[in-house]
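Chemist: I would like to see how this sequence folds:
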Amino acid sequence: MLRMPTVRKRTALGRSTIYRLMGMGLFPLAVRLGPRAVGWRDTDIDQWLQHRPDASN
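Modeler: This next block holds a predicted model:
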């Protein structure tokens, strides 16, 4: 499981952008780890990165 700092570093996205994309169904959903903790499956983030549109186009 990846926590927010790692997800931000790997995706180069900010916290609010990640949650906005999640709300739009364009980013993997977080998994609840505890009452105030969430994480993302590393495989979900890897797949998202592989299918992410190239920003240079």
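Chemist: which residue ranges form the helices in this protein?
Modeler: With helices called from DSSP state H, the chain shows them at 4-11, 15-23, 42-51.
Chemist: Let me have those helices in CSV, adding mean neighbour count, mean pLDDT and distance to residue 30 as columns.
Modeler: Every residue, glycine included, has its C-beta placed from N, CA and C. Shown next, in CSV, are the helices of the chain (neighbours: other Cβ atoms under 10 Å; pLDDT from 0 to 100; distance: least, Cβ to Cβ, whole Å):
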stretch, mean neighbour count, mean pLDDT, distance to residue 30
helix 4-11, 15, 98, 9
helix 15-23, 13, 97, 7
helix 42-51, 12, 96, 9
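Chemist: among these, which is nearest residue 33?
Modeler: helix 4-11 (11.2 Å; Cβ to Cβ).
Chemist: quick one on the thing from earlier: relative to residue 35, which of the helices of the chain is closest?
Modeler: From those, taking Cβ to Cβ, the stretch that ends up closest is helix 4-11, at 15.7 Å.
Chemist: what does that closest one contact?
Modeler: 2, 13, 14, 15, 18, 38, 40, 45, 48, 49 (Cβ atoms under 8 Å, 6 or more residues apart in numbering).
Chemist: follow-up on the earlier one: identify whichever of the helices of the chain lies nearest to residue 34.
Modeler: Proximity to residue 34, assessed across the helices of the chain by Cβ to Cβ, is greatest for helix 4-11 (13.6 Å).
Chemist: Just the angle for that closest one relative to helix 15-23, thanks.
Modeler: In terms of direction (axes from the mean of the first three to the mean of the last three Cα atoms, to 10 degrees), helix 4-11 departs from helix 15-23 by 80 degrees.
Chemist: re the thing from before, save the helices of the chain as a markdown table, and put in distance to residue 32 too.
Modeler: Listed next are the helices of the chain as a markdown table, based on distance: least, Cβ to Cβ, whole Å:
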| stretch | distance to residue 32 |
| --- | --- |
| helix 4-11 | 13 |
| helix 15-23 | 13 |
| helix 42-51 | 14 |
